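*Asks:* here's my sequence, what's the structure:
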Amino acid sequence: MEFDLVVKNGTVVTAQGVYRADVGIRGKHIAAIGEALHGEREIDADGMYVTPGAVDVHVHLEMPIGDFVSTDDFYAGTRAAAFGGTATIIDFVEPAPEETMLEALAALRAKADGKVVIDYGLHMTIGPTEIVKLAQVPAAYEAGCASFKLYMAYGLRLNDGELWQALTAVHNTGGLPVIHAENWDVITTLVAENVANGRTSPHYHPRSRPAKLEGEAAGRAIDIAELVGTRLYVFHVSCGETAARIAAARQRGLPIYGETCPQYLLLDWSLYDRPGVLGALPVCSPPIRAQEEQANLWRALGQNHLQVVSTDHCPFTMAEKESRSANYSQIPGGVPSIEVRFAAVYSQGVRAGHLSLAQWVDVCCTTPARLFGLQSKGEIAIGYDADLVIFDPERERVITPASLHETAGWTLYEGMMLRGWPVVTISRGKVIVENDELLVGPGYGRFIKRRY
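*Replies:* Alright, predicted model coming up:
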């Protein structure tokens, strides 16, 4: 047979268009796109969409935060991603003060390489202790960390002068700086005022992190990036204020990009008013906003003011959330979305008329791969990695913890009915999920050295 595997009779969906074709795979790569192809194995995708493997450029697996570590390890998290149609993720390296960037990268890879079931990359974090290590940025880039995470919040916060230094170092290396943009000075002041006055329930979490000042922080970072002359990618945009700052910069011709996440597109801040631990579960930062922000974010995606949907997947157990729920500022922040993202954007985005099929694939597969130096991912094209998803647009899934493969034991999307779900995931030419079964073991995934 000419091909090892052929996906036949499907409707191919790419960022460029939608058409009916067979996809022929030889080894690990796409070898042909055409009609009447035949292979050693053939999968009939009649009535299905055939998309590139989805790419999630923002996840936190096995991430320590204070006394806790995010619930999904590199095996469980990548397994859940694979069931959801995601074939590549990008996680984070966070050097300890005494570590070099390359030592931290080696340590993180030692944890991940033997566990991952899909391919992965890593962002390098530049916190305050890395400002004296900026001469190491070129070595980190050469080792495959083509993007560098900067914070305007938490203990990893950089002041504006340090942002200038970090942005300059990354720009001079050719990497992509990515940023968590929030006004930390105002946040800490509002939190202190709330706690001092007994306002400690999760209701006050989003009120302590105003949307206007998320936009202000993003605008400040964009202004500094413009002066440096660098690209900039804004993580987890939660509101129209920030999307507008990115749109305005792009209209001026600046290379500024932004992402949003399922929790901001599908949920609203009424979740923080649920009783007991339920109100603690949605604590994440930036916070989930008022319901009207959903329309702002869908509009921004549809108009290409935001370019990517990622997850910021960083779950903790219900018990861990509950243990700190007496003071919202101490609750470990993060929510799980790694498995539902691709289907949710189709079901609630395409079916609701917010996005076209091509835009769905663009924001979940193609543009994230392109922006982050995943040069053989995110496209259905000859020579690219044979990462494919066979997606049933009519398959219905009611989301429950039991229906997912994440390990937190809860989901903010519980009871939500999604119409459209992946039925087969293929990674580098190998079927890794089929018939609701994972067909590869830990270590099948590989680390991808990214570059531009």
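*Asks:* pull up the distance across stretch 93-105, start to finish.
*Replies:* 6 Å (C-alpha to C-alpha, to the nearest Å).
*Asks:* quick one: contacts of that stretch?
*Replies:* Residues outside stretch 93-105 that contact it (C-beta atoms under 8 Å, 6 or more residues apart in numbering) are 63, 107-108, 122-125, 127, 129-130, 133, 136-137, 139-140, 143-145, 156. Yep, even glycine has a C-beta here, placed from its N, CA and C like the rest.
*Asks:* do that again at 6 Å, thanks
*Replies:* 108, 122, 124, 125, 129, 136, 139, 140, 143 (C-beta atoms under 6 Å, 6 or more residues apart in numbering).
*Asks:* identify the farthest-apart pair in those.
*Replies:* Based on C-beta to C-beta, the longest span within these runs between 129 and 143 and measures 19.1 Å.
*Asks:* compare these two (neighbour count), which wins?
*Replies:* residue 143 (19 against 14; other C-beta atoms under 10 Å).
*Asks:* phi, psi of the more buried one?
*Replies:* The phi/psi pair for residue 143 (degrees, to the nearest 10) reads phi -80, psi 0.
*Asks:* contacting residues for it?
*Replies:* Shown in contact with residue 143 (C-beta under 6 Å, 6+ apart): residue 105.
*Asks:* what mean pLDDT does stretch 264-278 get?
*Replies:* Stretch 264-278 comes out with an average pLDDT of 97.
*Asks:* same deal with stretch 10-26?
*Replies:* Averaged across stretch 10-26, pLDDT comes to 98.
*Asks:* try stretch 376-384
*Replies:* Taken as a whole, stretch 376-384 has a mean pLDDT of 98.
*Asks:* cool, stretch 423-443 as well?
*Replies:* Rounded mean pLDDT across stretch 423-443 is 98.
*Asks:* which residues touch it?
*Replies:* 25, 27-28, 75, 79, 82-83, 85, 87, 114-115, 117-118, 385-390, 392.
*Asks:* just the buried ones from those residues?
*Replies:* Those of the contacts of stretch 423-443 that meet the buried threshold are 25, 75, 79, 82-83, 85, 87, 115, 117-118, 385-390, 392, by 16 or more other C-beta atoms under 10 Å.
*Asks:* filter the residues you listed down to just the ones in strands.
*Replies:* Using DSSP state E, the subset of those located in strands is 25, 87, 388, 389, 390, 392.
*Asks:* for these, which one is nearest residue 4?
*Replies:* Nearest to residue 4 among those is residue 25, at 5.7 Å by C-beta to C-beta.
*Asks:* quick one: that closest one and residue 87, what's the gap?
*Replies:* Between residue 25 and residue 87 the computed distance is 13 Å (C-beta to C-beta, to the nearest Å).
*Asks:* how about residue 155?
*Replies:* 33 Å.
*Asks:* so, low pLDDT: which residues of the chain?
*Replies:* The model of the chain has pLDDT under 70 over residues 1.
*Asks:* residue closest to the middle of it?
*Replies:* residue 310 (2.7 Å; C-alpha atoms, centre = their mean).
*Asks:* look up phi and psi at that one.
*Replies:* Torsion angles, degrees, to the nearest 10, at residue 310: phi -110, psi -160.
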